[in-house]
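S.K.: Fold the following and give me the result.
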Amino acid sequence: MSSSSTETLTEIPRAGQLGIHRGAIDQSTITTSPPSLVMKKVKGVLQNIGIEIEEESEYKYRCIRPRKDSSSCEKVLYGESIAEDPADEVRFSVELTRLDRLKDTYSLDIRRLKGNLRSYGFLYSAIRE
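M.R.: Below you'll find the model as predicted:
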C-alpha cells in the first residue's frame, strides 16, 4: 500500500476478542460485568423465553424467535395482543461489544436482522429486563 493511500482500515476482532461498539448507545444495555458472565446470563434469558440460539462467536449470538403458528413454540414468549406483538418470526443478533476508551465497560448490542418491527421491539424490551 502506498503512503498516499487514503484507505482506512477498520479493526476486525479476532476470535475470542470483543469488537468495538458502533452507533447509538442504549444506556440500559451498558455493563461493567465480566464478559463471560454477561454472555452466560444473556444465553439463559434467551433460552428462558424460547429463542433459538446459534453461537457465532464467544460474544455474538444469532437468534430466531419462531412465528406463533409454528409447531415449536410451546415455551416461546409472545406478547399479550397483536398490537403489542404480531407474533411473527424475528431474526436478530445479540453481541457484547466494548466501548472505545472506557476500560471494562461494555454494551450489549441487540440488532434486528429480519422480521416485524413491533415483534422485535417486544423482544428487545423482554431481553433488556
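S.K.: neighbouring strands for the lowest-mean-pLDDT helix or strand in the chain, and are they parallel or not?
M.R.: Taking mean pLDDT, DSSP states H and E as the measure, the chain has strand 19-20 as its least confident helix or strand, at a mean of 86. Here strand 19-20 has these sheet partners by DSSP bridges: strand 90-98 (parallel).
S.K.: and the partner strand, C-alpha only, in PDB?
M.R.: The C-alpha trace of strand 90-98 is given here as PDB (Å, rounded to 0.1, in the frame of the first residue of the first chain):
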ATOM      1  CA  VAL A  90     -37.900 -12.400  14.200                       C
ATOM      2  CA  ARG A  91     -34.200 -12.900  13.500                       C
ATOM      3  CA  PHE A  92     -31.800 -10.800  15.500                       C
ATOM      4  CA  SER A  93     -28.200 -10.800  16.800                       C
ATOM      5  CA  VAL A  94     -27.000 -10.200  20.300                       C
ATOM      6  CA  GLU A  95     -23.400  -9.100  20.600                       C
ATOM      7  CA  LEU A  96     -21.300  -7.900  23.500                       C
ATOM      8  CA  THR A  97     -19.000  -5.100  22.400                       C
ATOM      9  CA  ARG A  98     -16.600  -2.900  24.300                       C
END
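S.K.: Report the buried residues of that strand.
M.R.: Neighbour-count burial for strand 90-98, counted by 16 or more other Cβ atoms under 10 Å, picks out 90, 92, 94-98. Backbone N, C-alpha and C define where each C-beta goes, glycine included.
S.K.: what's next to it, contact-wise?
M.R.: 18-22, 35, 38-39, 42, 46, 56, 59-65, 105-116, 119-120, 123, 127 (Cβ atoms under 8 Å, 6 or more residues apart in numbering).
S.K.: again with stretch 113-129
M.R.: With Cβ under 8 Å, 6+ apart, stretch 113-129 has contacts from 26, 28-29, 42, 45-46, 49, 51, 62, 65, 77-79, 83-94, 110, 112.
S.K.: List the buried residues in it.
M.R.: 115-116, 118-120, 122-124, 126-127.
S.K.: now stretch 41-48
M.R.: Neighbour-count burial for stretch 41-48 [16+ other Cβ under 10 Å]: 42, 46.
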